[in-house]
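> With the input below, show me the fold.
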Amino acid sequence: MLHRAEGIVIRSMDYGEGNKIITLCTEVAGKVGVLVRGAKKVKSRHAALTQLFTYGEYVYFRNGTGLATLNAGELIESHHKLRADLIKAAYSSYACELLDRVLQDDETGAFWFHQLKACLSALEEDKDPQVILNLYEMKILQAAGYGPELSVCISCGNERKDEDLLLSPTLGGVICRYCKHLDPPAMPIAPRTLRVLRLFAQLDLRRLGSIDIKEETKAELKEAMRAFMDIQLGLKLKSRGFLDQMDKYDI
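Purely as a prediction, here's the structure:
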C-alpha cells in the first residue's frame, strides 16, 4: 500500500553498496523504517532525504508492518545548519536518539513529531540548547507516561511550601521534608528551579519564546532532568555520552 506522510529522519544507516535505511518519525504513522534505494550514489535524487534531522514529505510503499520502500519525496527543511555545527549536531542527535528509543513502532507519532520538529527548529534558531533539551526531555517523560508530579508531595499528597519540597526522581516527583524518610537521597531544589520545572511541565515546545534563565538555575535544571531521565527511563544513549564528554571538556 502506498503511503504519504511528513516525517523527520531520526536515524540513517548504510545498507548494501548503494542503499540506505532511514527511520522516520512521522506525523500520522508513528515511527517508520524506510529503505531508500540508490541513496548513496552521487547523482541520487533521494540522497538529501536520507540525512539526519531532515524534515520532508515521504511517499513510500509498505506491505503490513515491515520495512517500507521509498517511492518519492520532497524536502521541506534540510536542517543543514544543525549538521554543520558540532554543538547543535550533538544536541539534535540526542533529541532524535531519545525519541527513537522511547517511541514504539506501533505508536501514533503526532505529539512526538511536533515536539521533535519544534526542538530542532529552536536549536537551529540559536536558542539555549540545554534549556531546549531539558524542556524536550520533560515532554518525552510526559508522553511516555513518566511525567513528574511537581505540585504536591507524591507521598502524602499534601500541598507544601516550595521551601519544604525536595526532588525525588526515584518516586517520580517532589516529596516534602516530612516524608523524606521514604527517599533519603531526595535532592534539595531551589524554589525558582522548581517553578521552571512546573513551567516546563505545562509548556508546549511549539509555544517556546525567548528564554533567559540564570546559570545557577540552569545547572539545577540539568541535574534534575538528568536524574529523572536516568531513573525513570534508564536508557543508555551514545549521544548522551558524547554530550557528557562535551561538558567534561567544556566544548
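> How is the chain divided into domains?
Split into domains by automatic domain parsing, the chain comes to 1-78, 80-251.
> Save those domains as TSV, and put in mean pLDDT too.
Formatted as TSV, the entries for the domains of the chain read as follows, by pLDDT from 0 to 100:
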stretch	mean pLDDT
domain 1-78	93
domain 80-251	93
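> Throw the ones you listed into JSON lines and include mean neighbour count, thanks.
Any C-beta I mention is one placed from the backbone N, CA and C, and that applies to glycine too. Output for these, formatted as JSON lines (neighbours: other C-beta atoms under 10 Å):
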{"stretch": "domain 1-78", "mean neighbour count": "18"}
{"stretch": "domain 80-251", "mean neighbour count": "17"}
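> which helix is the longest one in the protein?
For the chain, the helix with the greatest residue count under DSSP state H is helix 86-102.
> what's the spacing between that helix and its chain's center?
Centroid separation between helix 86-102 and its chain, computed with C-alpha atoms, centre = their mean, to the nearest Å, is 7 Å.
> other SSEs contacting the helix or strand just after that helix?
Helices and strands here follow DSSP states H and E; after helix 86-102, the next one along the chain is helix 110-124. When contacts are defined as 3 or more C-beta pairs under 8 Å, 6 or more residues apart in numbering; DSSP states H and E, helix 110-124 packs onto strand 2-15, strand 19-26, helix 80-84, helix 86-102, helix 129-143.
> which residues touch the shortest one?
Here helix 80-84 makes contact (C-beta atoms under 8 Å, 6 or more residues apart in numbering) with 51-53, 88-89, 92, 120, 123-124.
> Farthest-apart pair in these, please.
Using C-beta to C-beta, the contacts of helix 80-84 reach their maximum pairwise distance at Gln51 and Leu123, which is 15.6 Å.
> got the CA coordinates for stretch 204-220 in CSV?
Presented in CSV, the C-alpha positions along stretch 204-220 are these (Å, rounded to 0.1, in the frame of the first residue of the first chain):
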residue,chain,number,x,y,z
ASP,A,204,4.4,23.1,24.7
LEU,A,205,7.7,23.3,22.8
ARG,A,206,5.9,24.9,19.9
ARG,A,207,5.0,27.8,22.1
LEU,A,208,8.5,28.5,23.3
GLY,A,209,9.5,32.1,23.0
SER,A,210,12.7,33.8,24.2
ILE,A,211,14.4,32.1,27.2
ASP,A,212,16.6,33.7,29.8
ILE,A,213,17.5,31.5,32.8
LYS,A,214,20.2,32.2,35.3
GLU,A,215,23.2,29.9,35.2
GLU,A,216,22.7,28.5,38.7
THR,A,217,19.1,27.6,37.8
LYS,A,218,20.2,26.0,34.6
ALA,A,219,22.7,23.9,36.5
GLU,A,220,20.0,22.7,38.8
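> can I assume Asp162 is in contact with Pro191?
Yes. Under the criterion of C-beta atoms under 8 Å, Asp162 lies in contact with Pro191, with a separation of 3.8 Å.
> where do the helices sit along the stretch 101-250 of the chain?
Defined through DSSP state H, counting those that start in this stretch, the helices belonging to the stretch 101-250 of the chain, from first to last, are 110-124, 129-143, 191-202, 215-228, 238-248.
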